[in-house]
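S.K.: give me coordinates for this.
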Amino acid sequence: MIARVHVVCFGQNTPKIWNQLSLLSTELDIIIVKPAAGEGDHHLQKQFQKRFTVRYSAIETWLRFLKSNHPAYTDVEIIEQRLASLPGLSSVYLGFKIT
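M.R.: Residues are numbered from 1 along each chain as shown. This is a model prediction of the structure:
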């Protein structure tokens, strides 16, 4: 099976610099556009959800590594409560705006 992926870029002139990690999926400016024909297709639904699976331990490990070892991350504040609110291993797909 060959997957077709299309990317659409919406121009905007509003750069954002974050100094706190981590942002939750509901706070990200992401819009997911799905084919209308896939509404009843459980395989397609599962595929979309799988692509947005979050693993808390991996995110925590990499955030701490980057903060300790990468000069661009030295000023980043990791908010423990927000980090702890991430799922252990599940999809954050339902937190996005889906059209």
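S.K.: what about the closest residue to residue 35 other than its chain neighbours, how many residues nearby?
M.R.: On the basis of Cβ to Cβ, 6 or more residues apart in numbering, the spatially nearest residue to residue 35 that is not a chain neighbour turns out to be residue 44, at 7.7 Å. Where you see a C-beta, it was placed from the backbone N, CA and C, and this is true even at glycine. Residue 44 is surrounded by 14 other residues when neighbours are defined as other Cβ atoms under 10 Å.
S.K.: same deal with residue 69?
M.R.: The local packing count at residue 69 equals 9, with neighbours defined by other Cβ under 10 Å.
S.K.: how much space between it and residue 51?
M.R.: Using Cβ to Cβ, to the nearest Å, one obtains 28 Å as the distance from residue 69 to residue 51.
S.K.: try residue 63
M.R.: Residue 63 sits 21 Å away from residue 51 when distances are taken as Cβ to Cβ.
S.K.: who has more neighbours, the two?
M.R.: Neighbours of residue 63 and residue 51, each counted by other Cβ under 10 Å, are more numerous for residue 63; the result is 16 against 10.
S.K.: first-to-last residue distance for stretch 67-77?
M.R.: Start and end residues of stretch 67-77 are separated by 9 Å (Cα to Cα, to the nearest Å).
S.K.: the residue nearest to residue 35 belongs to a helix?
M.R.: Yes. Assessed with DSSP: H, G, I helix; E, B strand; the rest coil, residue 44 lies in a helix.
S.K.: local confidence estimate at the residue sitting nearest the centre point of the chain?
M.R.: Residue closest to the average C-alpha location in the chain (Cα atoms, centre = their mean): residue 25, at 5.6 Å. If you check residue 25, the pLDDT there is 72.
S.K.: and it, what are its phi and psi?
M.R.: Geometry field for residue 25 lists phi and psi as phi -60, psi -30, criterion degrees, to the nearest 10.
S.K.: I'd guessed it sits against residue 87; true?
M.R.: No. Distance between residue 25 and residue 87: 9.6 Å, which falls outside the contact criterion (Cβ atoms under 8 Å).
S.K.: which neighbours do those two share?
M.R.: When contacts are counted by Cβ atoms under 8 Å, 6 or more residues apart in numbering, the set common to residue 25 and residue 87 consists of residue 54.
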